[in-house]
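*Asks:* Coordinates only, no sequence provided:
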């Protein structure tokens, strides 16, 4: 714990109302969407990059860890104060500084909610494509730090494809600007902007973000395709792309997920199907019509049970909302939800789905799978009770099997959820000894005292966290 | 110079036919497209990442600089052995290892010529968009290292938008893999792939490259728009984008460039116009027609003298070839060509063009301007005689004025040509003291002995090079 003198130093920087020490308040900053937790020693609410610079210098001098935090929606333990120390709450840095229509660039602070950026740029006729499931609560700072993806990533890419410049407070307290805030085409020297995107607050704390905007598509069409077999649905995904159709969205839900969605949302999905694909195409009206026709043919050829098209925007939104509800509805089935982010080459989706089902059967676990099938980005979600020690052991083994197979297929530990603390132990499997050592070198060079969100991405020691 | 014993050590690694010491051969490796030069001590031709690892270890032990090099087409002095040492010639690492049609990924070695990758993937119905002017000779390794752009970048982005994974030999001799070679959606931890893209061989030597491919557009339409005023042409560029048209290409040529092109290519361009725009739209046939109509209207509204549409593929290619010839034809006008890469926000293109013309008049210099106007990426090309010392002094002052104004407008030192040695002195202007110091920290952390392409991007000492 921090002593009174040190707490007073922090109060001098940000004011007493911005330093939280009450245990009930601290508890709120102890966990993220992984449901793992550790209570921080203190929370400091900041209002400027200068505040952060001062706190970082204070923390360095006093050998205290600091953890930047937005809404805490991340799914890999990236924002948990796992080694104790100070949480820096960034949500009050929430100004949209500029939306430059002419050059199609927005400049925002990290605490802006993703959905707010979405709607504000939409008002000006522009479009910010990244749309993680947690859109309505996640901050842009969190999205950038975790490299968030979303439902539209198949056609439009993920957060990293839209970040053109950053302001960052470095571990030494320097405030730097990377990239460019007004020109889309800029490439002087090392790409420092993308070094910070996805770095989960381990190399610096992002205080300003310049994002590229695009024009929205004129029309959208949404199809719901039902399958009697998971493998058929996976095959359809590959066949659609082979037919040169790039939908904006191509989502997969398995039977467990479909039933959970139906339990809570009651939108009329048949409970006996094994899989569904939710496909959205967008663009110019004629192209959308042409693509939708090809899509329907391909899906039927692969053996779809049925295909229905959303009749209007309300129906379209309802289907998308149902997909977005996948994680929260699954989370209601059992006390503990462990969501994974196994990503494989698109052509290997059927194999990966078979593997997940095999693991589920062998370990007798409840696994609901859904995800961005078009990107090969699957979210097998293990539903368990953390108090059941036997079951939790099986979960550990199941996760290891899933990730080993995923990497064997040429896949990766994460497509959009970050490495955080939960996947850090798997990094060597993906990047080998030399690769991981290079990650360590980067971290050591930029944060030599290892004070900034330590033990995330590259773990320096084993940390055991409990589920909340 | 290296003594005989050391040369024999290198011969042991790569064989005697791959170690060049003959002065006339060394001369060929002394310069790049900047026309600046310094003769290396030795050239080693490598055939594998393992060769490179051994040479790097040898160089480190013997305190010798190493300079990776492809075709040497770069325009910022990035591949010149400016401080003396060994050039590592990478052109023999030129295999296309795989073109994965299902997942739309190609894996290539750095010595593959950009145009070869283009045509090989085209044979499989796929498309690799980045197309720098030097496409026909530039290597992919060079394009990645310099962050090359091209004529299609407005719609399709630059090289960095297509690189998903790399194999890199680090300054310590370790061979690592970054990103992912089979999955398009991968984001574990720091984006090390993009740390190397654009790093000009200062942080490591790239030995394998995984690129994302897309499907080619079905149709193209190319328009040639003539203007009596440079500012009108610049205004048209902004207006086109405001009308929600994103052409694949939107190139600008000024009067000097137009006349140089006409001198050597004789395609019938009127010699009295002040500027032309070469605009290409691509996509589905209906969209291309619609966009072309809007384009024509916008261009006329801004006051175009005339608009003509390429009647067929031959005419289309002829226009594109004329644009690609801009630099080589300008280079024929005077003994020395100094090409810049000033990039500004798209909305500031007219102001930047005015400034260039003003500089040209005040210093009485011949400056031909052309470039990717849609991206705000302009190439003012100063045509001089290096032997005229008075003129060269004016060139220095003109360049400083152009870049200072460019940064004032929110622009950047380079949109696609890299920093190399010629723009390194301007880095502090763009990134301030703290920002530049961070660049230095990265370089120092990864290449502590400063042996890998030293003095590029971040300069550690003043180096004077002569024009060849």
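*Replies:* Right, received. Where do you want to start? None of these values were measured; they are calculated from a predicted model.
*Asks:* only C-alpha atoms for contact and neighbour calcs from this point on.
*Replies:* Fine.
*Asks:* which residues sit in contact with residue A:186?
*Replies:* A:179-180, B:343, B:411-416 (CA atoms under 8 Å, 6 or more residues apart in numbering or on different chains).
*Asks:* Let's verify it: helix, strand, or coil?
*Replies:* Going by DSSP: H, G, I helix; E, B strand; the rest coil, the secondary structure assigned to residue A:186 is coil.
*Asks:* swap in residue A:379?
*Replies:* Recorded secondary structure, residue A:379: strand (three-state DSSP).
*Asks:* show me the contacts for it.
*Replies:* Taking CA under 8 Å, 6+ apart, we find residue A:379 in contact with A:339-342, A:369-371.
*Asks:* Which members of the contacts of residue A:186 occur in strands, if any?
*Replies:* Residues of the contacts of residue A:186 located in strands (DSSP state E): residue A:179.
*Asks:* could the contacts of residue A:186 be laid out in TSV, adding pLDDT?
*Replies:* As requested, those are exported to TSV (pLDDT from 0 to 100):
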residue	pLDDT
A:179	96
A:180	95
B:343	93
B:411	94
B:412	94
B:413	92
B:414	91
B:415	89
B:416	90
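*Asks:* how about the contacts of residue A:186 in JSON lines, adding distance to residue B:169 and neighbour count?
*Replies:* Shown next, in JSON lines, are the contacts of residue A:186 (distance: CA to CA, whole Å; neighbours: other CA atoms under 10 Å in any protein chain shown):
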{"residue": "A:179", "distance to residue B:169": "26", "neighbour count": "26"}
{"residue": "A:180", "distance to residue B:169": "29", "neighbour count": "25"}
{"residue": "B:343", "distance to residue B:169": "32", "neighbour count": "33"}
{"residue": "B:411", "distance to residue B:169": "33", "neighbour count": "29"}
{"residue": "B:412", "distance to residue B:169": "30", "neighbour count": "32"}
{"residue": "B:413", "distance to residue B:169": "28", "neighbour count": "28"}
{"residue": "B:414", "distance to residue B:169": "26", "neighbour count": "25"}
{"residue": "B:415", "distance to residue B:169": "26", "neighbour count": "29"}
{"residue": "B:416", "distance to residue B:169": "24", "neighbour count": "27"}
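*Asks:* For whichever residue of the stretch 351-468 of chain A sits closest to chain B, which non-adjacent residue is closest in space?
*Replies:* Nearest to chain B, among the residues of the stretch 351-468 of chain A, is residue A:415, at 4.5 Å (CA to the nearest CA). In this structure, residue A:415 finds its nearest non-sequential neighbour in residue B:186, 4.5 Å apart by CA to CA, 6 or more residues apart in numbering or on different chains.
*Asks:* next one: residue A:151
*Replies:* Of all residues not flanking residue A:151 in the chain, residue A:249 sits nearest, at 5.5 Å (CA to CA, 6+ apart).
*Asks:* okay but the one you found is in contact with residue A:157, surely?
*Replies:* No: in this structure, residue A:249 is not within contact of residue A:157 by CA atoms under 8 Å, at 10.9 Å.
*Asks:* For these two, indicate the residue with more neighbours.
*Replies:* residue A:249 (25 against 20; other CA atoms under 10 Å in any protein chain shown).
*Asks:* so what's that one up against?
*Replies:* Neighbouring residues of residue A:249 by CA under 8 Å, 6+ apart: A:151-155, A:278-281, A:372, A:374.
*Asks:* again with residue A:47
*Replies:* A:14, A:90, A:92-93.
*Asks:* got it, and residue A:130?
*Replies:* Counting by CA under 8 Å, 6+ apart, residue A:130 touches A:148-153, A:156-159.
*Asks:* One more pass at 10 Å, please.
*Replies:* Contacts here follow CA atoms under 10 Å, 6 or more residues apart in numbering or on different chains; on that basis residue A:130 touches A:114-115, A:118, A:140, A:143, A:147-153, A:156-162.
*Asks:* For it, give its distance to residue A:196.
*Replies:* Note on residue A:130: its distance to residue A:196, by CA to CA, to the nearest Å, is 17 Å.
*Asks:* which helices and strands does the helix or strand hosting residue A:397 pack with?
*Replies:* Taking DSSP states H and E as the criterion, residue A:397 maps to helix A:389-408. When contacts are defined as 3 or more CA pairs under 10 Å, 6 or more residues apart in numbering or on different chains; DSSP states H and E, helix A:389-408 sits against strand A:336-339, helix A:349-363, strand A:377-384, helix A:427-446.
*Asks:* Would you mind putting the ones you listed into JSON lines with mean pLDDT and distance to residue A:330 alongside?
*Replies:* JSON lines is the format used below for the helices and strands packed on helix A:389-408 (pLDDT from 0 to 100; distance: least, CA to CA, whole Å):
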{"stretch": "strand A:336-339", "mean pLDDT": "92", "distance to residue A:330": "8"}
{"stretch": "helix A:349-363", "mean pLDDT": "94", "distance to residue A:330": "15"}
{"stretch": "strand A:377-384", "mean pLDDT": "95", "distance to residue A:330": "7"}
{"stretch": "helix A:427-446", "mean pLDDT": "94", "distance to residue A:330": "28"}
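*Asks:* tell me the most buried of the ones you listed?
*Replies:* Counting by mean count of other CA atoms under 10 Å in any protein chain shown, strand A:377-384 has the highest mean neighbour count of these, with a mean of 24.
*Asks:* and the direction of it versus that of helix A:389-408, what angle?
*Replies:* If you take axes from the mean of the first three to the mean of the last three CA atoms, to 10 degrees, strand A:377-384 sits at 170 degrees to helix A:389-408.
*Asks:* that older thread, of the contacts of residue A:249, which belong to strands?
*Replies:* If you go by DSSP E, these have A:278-281, A:372 in strands.
*Asks:* Which members of the residues you listed are the farthest-apart pair?
*Replies:* A:281 and A:372 (14.2 Å; CA to CA).
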